[in-house]
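Colleague: here you go, sequence then predicted model.
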Amino acid sequence: MCRIGAIKSLNYVHPSRALQLMNSQQKGHDNSGFAMVMQDLGGIFADYKDLPTLSLACTDEGLKIAEGILGAAGFKQVFEWIPETNRMPGLDIKAMPNYVFRTFDYPETYAKSPAKEKEELLTATRLKLRAAMERGETGFAYSFWPDVITLKEIGDPRDIGTFFGLWDENDRFTAKVITAQCRQNTNYAIVRYAAHPFFLQGYTTLANGENTFYQKNKEFQASLNPAYIGFESDSQCFLYTLHYMHRELGWPLSYYKHIITPLPFEEVQKREDREQLSAIRQSLAHLEINGPNTIIGALPDHTLFVCCDAKKLRPIVVGHTKEMVAFSSEVCGINEIMPDRDWETDIYPNEREIVVIDNTLEVQRWKQ
């Protein structure tokens, strides 16, 4: 069973808090890796929130490929952070030669372009980078987006934290939203792209569980958007459904649960919005999911949410204080980073709701 977690804070927090959240659940680790997405960045990236940062793990050859593609497209580097890695013997990590986090200014031809055109350029460029480096497995382009850092690696999560120096808290590398997972979906090959969280155009998802409707989800989604690729994990479908529903169709988040776990027909007929719900079920039936799972997601505006399968077969708990909210597969994770919270206010989401955290940290429970 995967271990997942998320932190949303009014103040900037270091990823060591996410490691602590995950490490307390270490019995669930199988050393298949650690991955995290940091959004709403602080520290050394705080002055570059409007410019895209490329998160890249690669060989020397892969770095040359990436530099060639970005240069030809007209991107100009304005900032770079290269983590000081600890390559001490004995660490359980399948490390890449280079880890590069570079921030770029847009090509001059896009200087006055609307935001959506810039966003499509970033997505197309990342897909081009991925395709070019996949041929010889020379690199992995995880994200190319403003105000976002993505890190994924294979190995023991504790050793990965040591390798990247993430156990030592500082104010240089921080964010207000951090999502993390400490175990890949081991039904498939252990590859870096398969590690949650998954990210696309400001949307993030990670999951604990399985999607037994993976094949029909995949076949439908592959025709919807050229960015819906890879499918290294059955849980990746959760991201594409969220992105399609919210960005492409422009629907509010409240409809996400109705798409992935629709209400029984007899319940739908009793509701005032039965026509809308019936239409959703008819038009997007191939996006319904099945199996035990819990999904954590983040929207481009940094709204954080969590929802469960229709039978509540995977655990999740929400703990909160005035300054921070955390999601965790197990309550011990929240106990580790929020020992002084009011435990009686913890929330265990049920099978028919979405728990939503806005940017004031108000906790909302939306009944399906």
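Modeller: Perfect, thanks for sending it. Residues are numbered from 1 along each chain as shown.
Colleague: now the lengthiest strand in the chain: buried residues?
Modeller: Criterion DSSP state E: the longest strand present in the chain is strand 4-13. The neighbour-count criterion (16 or more other CB atoms under 10 Å) identifies 4-9, 12-13 as the buried residues of strand 4-13. (Each C-beta comes from the backbone N, C-alpha and C, glycine too.)
Colleague: same question for stretch 341-358.
Modeller: In terms of neighbour count (16+ other CB under 10 Å), stretch 341-358 has its buried residues at 341, 346-347, 349, 352-357.
Colleague: do the same with stretch 87-99
Modeller: When neighbours are counted by 16+ other CB under 10 Å, the buried residues of stretch 87-99 are found to be 91, 93, 95-96, 98-99.
Colleague: surely residue 86 meets residue 165?
Modeller: Yes. Distance between residue 86 and residue 165: 6.3 Å, which falls inside the contact criterion (CB atoms under 8 Å).
Colleague: mutual contacts of those two, please.
Modeller: Common contacts of residue 86 and residue 165, defined by CB atoms under 8 Å, 6 or more residues apart in numbering, are absent altogether.
Colleague: re earlier: biggest separation within the buried residues of strand 4-13, which pair?
Modeller: The largest separation in the buried residues of strand 4-13, counting by CB to CB, is between 4 and 12 at 21.7 Å.
Colleague: per-residue pLDDT, residue 31?
Modeller: If you check residue 31, the pLDDT there is 69.
Colleague: any idea which of the buried residues of strand 4-13 is closest to residue 54?
Modeller: residue 12 (21.5 Å).
Colleague: list the contacts for that closest one?
Modeller: By CB under 8 Å, 6+ apart, the contact list for residue 12 reads 42-43, 171, 174-176.
Colleague: next: residue 365.
Modeller: Residue 365 touches 347, 349, 353-356, counting by CB under 8 Å, 6+ apart.
Colleague: now these as a markdown table including pLDDT and secondary structure?
Modeller: As requested, the contacts of residue 365 are arranged in a markdown table below (pLDDT from 0 to 100; DSSP: H, G, I helix; E, B strand; the rest coil):
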| residue | pLDDT | secondary structure |
| --- | --- | --- |
| 347 | 97 | strand |
| 349 | 96 | coil |
| 353 | 96 | strand |
| 354 | 98 | strand |
| 355 | 98 | strand |
| 356 | 98 | strand |
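Colleague: and those as CSV, adding distance to residue 276?
Modeller: Putting those into CSV (distance: CB to CB, whole Å) gives the following:
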residue, distance to residue 276
347, 27
349, 24
353, 19
354, 17
355, 22
356, 20
